[in-house]
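> turn this into a model:
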Amino acid sequence: MRTTPEILQRQWNSIDYKDGGFLQIDTKHPLEWHIGYQSISQKTLLLVCATDIGTIESSRSMAVTRRKRETDNRWALSFELLRNEQEGVFAILCSDIIEHSRSASNEKEALTLVISRYKQWSRLLESQRSGLMDESSRKGLLGELLFLQERIEEGDSALTAIQGWVGADGADQDFVYEDGWHEVKSVGASATSVTISSLEQLDCAGEGELVIMRIDKAAPDKAGALSLNDAVSQISGNLTGASDALDLFRSKLSTYGYLDLQEYSEQKYYCSGSQRFGVNDTFPRLVRQNVPTQVESLHYELSLPSLAGWLKG
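Numbers count the residues shown, from 1 in each chain. All right, here's what the predicted structure looks like:
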């Protein structure tokens, strides 16, 4: 049985923090798990094992403590929530760490998976306090993944295609290749405008493209619908023989703020089509050169029907 965030939350709610002690959970897991409170507001996840646990650094979000128990000489490792504003995601984190290590064949392997997953979560929570991407970010990432998949299917080597995904690393444009740059925007099927979020987004040397991906939420059984995790799995599956490309892909996903969480499998989306607009000197855009120097930043909307003159066939 899967340990879900909802199950964990109910179990935490059943504990009277004043009584102290911890509640053992998930007895069929390779590791021994307990949950409890350090104080009224500090939820804690605790694992116990015979395997020696090395030093693990705490983060600003979680205090990680290891100790050897005198009663049985086993090791205890606890994860304690420090930021109250992240309480909502802590149950998701704990559930994910437990499930991520469930498939291990032995205790040592399970512990290695736990520590590795904690480090991924720690990096994620430093940059993204909620831990989960919001709806706009999920659709945005899905649009970029669909575009990346197209590049690979059209003949780019997997490594070249992924190296060109520079937006994942914080660049102003999403993709940059020898044939030009590409800014990908995910909007609904009926959207008539698109938001440009900075002066730099459509400002790059040479001609480029504004790529519109028409993406909406869909019923789970709709033909062609896929979740965010589905899109990641499809690309990863095509990279099984290209370890360098797969490692780089995973690294960029992590930098983007993505982890393969169950929550990203639940909602399905459907891409009903795409449009490509050529961005050249005549394209209606705001860039550093054509706005007053006093303007430091801005975002604006472009009318999609009005861009028909730049629509590519």
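> any idea how far the residue nearest the centre of the chain is from Gly167?
Note on the chain: the residue nearest the mean C-alpha position is Tyr258, at 1.3 Å, using Cα atoms, centre = their mean. Look at Tyr258 and Gly167: by Cβ to Cβ, to the nearest Å, they are 13 Å apart. For every residue, glycine as well, the C-beta is placed using N, CA and C.
> ok so, going back, the residue nearest to the centre of the chain contacts Gly140, doesn't it?
No - here Tyr258 lies out of contact with Gly140, judged by Cβ atoms under 8 Å, at a distance of 11.1 Å.
> ok, for the residue nearest to the centre of the chain, nearest residue in space, not its chain neighbours?
Leu141 (6.4 Å; Cβ to Cβ, 6 or more residues apart in numbering).
> sorry, back to before: ok, the residue nearest to the centre of the chain - contacts?
Taking Cβ atoms under 8 Å, 6 or more residues apart in numbering, we find Tyr258 in contact with 133, 141, 228, 232, 264.
> which helices and strands does the helix or strand harbouring the residue nearest to Tyr258 pack with?
Using DSSP states H and E, Leu141 falls within helix 135-153. Here helix 135-153 touches helix 158-163, strand 175-177, strand 180-187, strand 208-218, helix 228-237, strand 268-279, going by 3 or more Cβ pairs under 8 Å, 6 or more residues apart in numbering; DSSP states H and E.
> hmm, who's touching it?
133, 158, 161-162, 164-165, 167-168, 174-175, 177, 182, 184-186, 211, 213, 215, 228, 231-232, 234-235, 238, 256-258, 264, 267, 269, 271, 274.
> what angle sits between that helix and helix 228-237?
Interaxial angle of helix 135-153 relative to helix 228-237 (axes from the mean of the first three to the mean of the last three Cα atoms, to 10 degrees): 20 degrees.
> what about Phe249, which SS state?
Under DSSP: H, G, I helix; E, B strand; the rest coil, Phe249 falls in the helix class.
> identify the residues contacting the nearest residue to it once chain neighbours are set aside.
Distances taken as Cβ to Cβ, 6+ apart put Ile162 closest to Phe249, at 5.1 Å, once the chain neighbours are dropped. Taking Cβ under 8 Å, 6+ apart as the criterion, Ile162 is in contact with 148, 245, 248-249, 252.
> could you rerun that using 10 Å?
Contacts of Ile162 were listed using Cβ atoms under 10 Å, 6 or more residues apart in numbering, and they are 148, 151-152, 156, 168, 235, 239, 242, 244-252.
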